[in-house]
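**Student:** requesting a structural model of the entry that follows:
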Amino acid sequence: MKLQPTSNDPRRLFLEQTRKALVSALTQGLAGEAVACQSSCIAGPRAGVVLLQVGVAAAKVLRLLSGDNAAIARQFIAWNFPGDPAVFMSGKLIRIEAPWPDALAQTQIRYRDVSHHPVGDGRWVAGLNERGTTIVLGFSDNVPHLLMGGTTGSGKTVALRNAAAQLSHQAGETALVALDGKYGAGLGILSNLPGMVGPVASDVRQATNALGWVHTELQRRYGLITAQGEAAIAHLPRIVVLFDEFQEFMEDPHVRELTRRLLAQGRAARIHAILATQHPTVEAFGENGSLKRNLVGRLALRVTDQDASRVVVGDSLPRADRLMGRGDAYAIIPGHIHRVQLLLVDEAELQLLPREEPRLRAWPEVRPADYGQEPTVHWAYNGSELAWGLIGATQMPPWGRQRLLQALEAAGLERPGSERADRLLELTRETAAVLSEAHYQLLSAESPVADEINQQELLLGMVAAANDWGRQRLRQAFEGAGLAVPGSERADRIVDLGEAALASLTQSGYRLVPHTEDETPDGNEPYDPAEVAKALIAAFNGWGRDAFVKTMAPIGNERGMQLLRFARQIRDRLAEENYQIQKTESEPE
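**Tutor:** Sure, this is the predicted structure:
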């Protein structure tokens, strides 16, 4: 079905004005000489297009109109366009396109609005192109696999769900395997659709097992082809692997190897894949780009920049970073580029689809030996990754995955996949817990709490801990002692150290008591010689508080403690003068 603009459509009027102005300027020598040209217009759902056929002058006119960010072409476009225009070759024609403003754009095209023919044999309706023609995507010998790329809000996941929903109506002809690098947030809604082989795989282990099942089926079909020829598998359903955010699992060597084999060998076995990502980077496809080489078909939605556009489009033009989002896309197959408004299929529509139990309740476990690969170590982290993981684990509250990924990227490190990042969080949190149990902690060199606590601060911390002071009372004590008032973090650190010191004293049999101006508790009452002698003996023999107070019970607990402290001061002064008290042996009779 075609949706053609009417004669009074304002888009058509804008396009005619733009076309006539361009043709007039070129014939009058805009390119340095008069250029004869033929032209036409297309009023697409999301952009208006003018096509120019200028023959051998194409290179000169293209450079003129596309140079300096299409500065000259912008002057001829008759409407106030959002975003950026694009100028590039489309076959023999120079194509000038610019987005429509929201008031003129057609952003919602439903399945009921388009032609449903043809269907079957692994094909589905993707959307409408700019001429209003239904665009059907599918798999063939020329397009065995498809790459989708688009940032958040581009419509990538909706496009993947649309393909799955339509393919589920072909359950007898098509079998579906779904893998979701967003832990089920993207494709989880597809669970139990007709044609689903097993559950949606939402972590590395499940993804490995699901791909292992596909690989086993691939080997079985190759065995049939070898024995009986390609006709032997003609009756078997196509298997379509839907892999959303595939780069999240590519850190795992088993997932990467099984995906590589699927893309390289799947065509002949009627096994196909749609790989989707919101971060299309060269690194996501492996060091030698072997994955990307087999992704011939492309569905390029809006991406973040020109580099991402080059990866998903497969060329420098057209620029997917200049698409408008919300289903605006380039459908690219060998020899053809269509600007398409993709179908909108919302969650409410998906919930109404029929459901049935999948063939497999769980994916069978796969071992590396099953596909001829030696086991490898899954979780190897470098020092920088471990350091940032440990920093995140010691924050309050500890970092989650997203905050850790941001820190790693800010530090110039490679972004790990979801499973690898979660394992790093788990590992470093366990490390931080062990350090804490051993009374160690990680302190920032830029934080004031990392400064050494001096003796006076520690003593005040002990007093604060003994009297259960709050921060405000501790700050008053610091002011009274003429010390710099600590900040909140440092004050808490001082009290923590004070509590630890106080606990150590208590374990050793000592306690912290208030200091008085008089060393004697009863005003000016002096200690008698016998009391001083006993206290000195206790001090030189290292008696603790309890042992000495028991011997001095008649004089009272508080007075005994003060006397012992006084005796220890005498002992220390005598030691400085090289004197000590020694017990004498009684002479024999």
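
**Student:** the stretch 101-250 of the chain: helices as residue ranges?
**Tutor:** Using DSSP state H, counting those that start in this stretch, the helices found in the stretch 101-250 of the chain span residues 156-168, 204-228.

**Student:** could you identify which of the ones you listed is most buried?
**Tutor:** helix 156-168 (a mean of 24; mean count of other CB atoms under 10 Å). Yep, even glycine has a C-beta here, placed from its N, CA and C like the rest.

**Student:** and for that helix, what's in contact with it?
**Tutor:** Helix 156-168 is contacted from outside by 111, 119, 122, 124-126, 137, 148-150, 174, 176, 178, 186-187, 189-190, 193-196, 240, 242, 244, 274, 276, 278, 299, 301, 327, 329, 342-346, 349-350, 353, using CB atoms under 8 Å, 6 or more residues apart in numbering.

**Student:** any of those residues buried? List them.
**Tutor:** 111, 119, 122, 124-126, 137, 148-150, 174, 176, 178, 186-187, 189-190, 193-196, 240, 242, 244, 274, 276, 278, 299, 301, 327, 329, 342-345, 350, 353 (16 or more other CB atoms under 10 Å).

**Student:** out of the helices of the stretch 101-250 of the chain, nearest to Gly412?
**Tutor:** Nearest to Gly412, of all the helices of the stretch 101-250 of the chain, is helix 204-228, at 25.2 Å by CB to CB.

**Student:** who touches the closest one?
**Tutor:** In contact with helix 204-228 (CB under 8 Å, 6+ apart) are residues 177, 179, 197-199, 201, 232-233, 236, 239, 241, 249, 252, 254-255, 258-259, 261-262, 265-266, 268-271, 360, 363-366, 370-371, 417, 419.

**Student:** 6 Å instead?
**Tutor:** Contacts to helix 204-228, defined as CB atoms under 6 Å, 6 or more residues apart in numbering, come from residues 177, 179, 201, 232-233, 249, 252, 254-255, 258, 269, 271, 363, 365-366, 371, 419.

**Student:** quick check: PyMOL command selecting the buried ones in the residues you listed.
**Tutor:** Of the contacts of helix 204-228, the buried ones go into a single PyMOL selection, burial set by 16+ other CB under 10 Å:
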select buried, resi 177+179+201+233+249+252+254+255+258+269+271+363+366+371+419
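
**Student:** next step: the buried ones among the contacts of helix 156-168 restricted to strands.
**Tutor:** Residues of the buried ones among the contacts of helix 156-168 located in strands (DSSP state E): 124-126, 137, 148-149, 174, 176, 178, 240, 242, 244, 274, 276, 299, 301, 329, 342.

**Student:** tell me which of the helices of the stretch 101-250 of the chain sits nearest to Arg401.
**Tutor:** Across the helices of the stretch 101-250 of the chain, closest to Arg401 is helix 204-228 (CB to CB), at 14.0 Å.

**Student:** quickly list the domain ranges of this structure.
**Tutor:** Per automatic domain parsing, the structural domains of the chain span 10-99, 111-367, 383-437, 448-507, 518-589.

**Student:** which of those sits most buried?
**Tutor:** For these, the highest mean count by mean count of other CB under 10 Å goes to domain 111-367, at a mean of 19.

**Student:** wait, a strand at Pro358?
**Tutor:** No - counting by DSSP: H, G, I helix; E, B strand; the rest coil, Pro358 falls outside a strand, being coil.

**Student:** give me the subset of the contacts of helix 204-228 lying in strands.
**Tutor:** Of the contacts of helix 204-228, the ones assigned to strands by DSSP E are 177, 179, 271.

**Student:** dump the residue contacts of Gln106.
**Tutor:** Taking CB under 6 Å, 6+ apart, one finds Pro45 in contact with Gln106.

**Student:** can you rerun that using 10 Å?
**Tutor:** 3, 11, 43-46, 100, 113, 128, 132, 327, 341 (CB atoms under 10 Å, 6 or more residues apart in numbering).

**Student:** nearest to Arg401 among the residues you listed?
**Tutor:** Using CB to CB, Gly327 comes nearest to Arg401 of the contacts of Gln106, at 28.7 Å.

**Student:** now that closest one: phi and psi?
**Tutor:** Dihedral pair for Gly327: phi 90, psi 0, per degrees, to the nearest 10.

**Student:** tell me which helix or strand comes right after the worst-scoring helix or strand of the chain on mean pLDDT.
**Tutor:** None of the helices or strands of the chain scores lower by mean pLDDT, DSSP states H and E than helix 545-551, at a mean of 68. Following helix 545-551 in sequence order, the next helix or strand is helix 557-576 (DSSP states H and E).

**Student:** using CSV, write down the CA coordinates of that following helix.
**Tutor:** What follows is helix 557-576, C-alpha atoms only, in CSV (Å, rounded to 0.1, in the frame of the first residue of the first chain):
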residue,chain,number,x,y,z
ASN,A,557,38.6,3.2,94.6
GLU,A,558,39.0,6.7,93.2
ARG,A,559,41.8,7.7,95.6
GLY,A,560,43.6,4.4,94.9
MET,A,561,43.5,5.0,91.1
GLN,A,562,44.9,8.5,91.5
LEU,A,563,47.6,7.3,93.8
LEU,A,564,48.7,4.6,91.3
ARG,A,565,48.8,7.2,88.6
PHE,A,566,51.0,9.4,90.8
ALA,A,567,53.3,6.4,91.6
ARG,A,568,53.7,5.7,87.9
GLN,A,569,54.9,9.2,87.3
ILE,A,570,57.5,8.8,90.1
ARG,A,571,58.6,5.5,88.6
ASP,A,572,59.0,7.1,85.2
ARG,A,573,61.1,10.0,86.6
LEU,A,574,63.3,7.6,88.6
ALA,A,575,63.9,5.5,85.4
GLU,A,576,65.0,8.7,83.6
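
**Student:** please begin residue numbering at 29 from this point
**Tutor:** Sure thing, new numbering starts at 29, so read that last one as helix 585-604.

**Student:** give the other helices and strands that it contacts.
**Tutor:** helix 557-568, helix 573-579 (3 or more CB pairs under 10 Å, 6 or more residues apart in numbering; DSSP states H and E).

**Student:** closest to Ile609 out of these?
**Tutor:** helix 557-568 (4.7 Å).

**Student:** about what we covered before: got the domains of the chain as TSV, with distance to Ala133 columns?
**Tutor:** Shown next, in TSV, are these (distance: least, CB to CB, whole Å):
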stretch	distance to Ala133
domain 38-127	5
domain 139-395	7
domain 411-465	32
domain 476-535	53
domain 546-617	85
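
**Student:** lowest mean pLDDT across those domains, which one is that?
**Tutor:** Of all these, domain 546-617 carries the lowest average pLDDT, namely a mean of 66.

**Student:** chain center to the helix or strand encompassing Ser52: distance?
**Tutor:** Following DSSP H and E, one finds Ser52 within helix 38-55. Using CA atoms, centre = their mean, to the nearest Å, the mean C-alpha position of helix 38-55 is found 46 Å from that of the whole chain.
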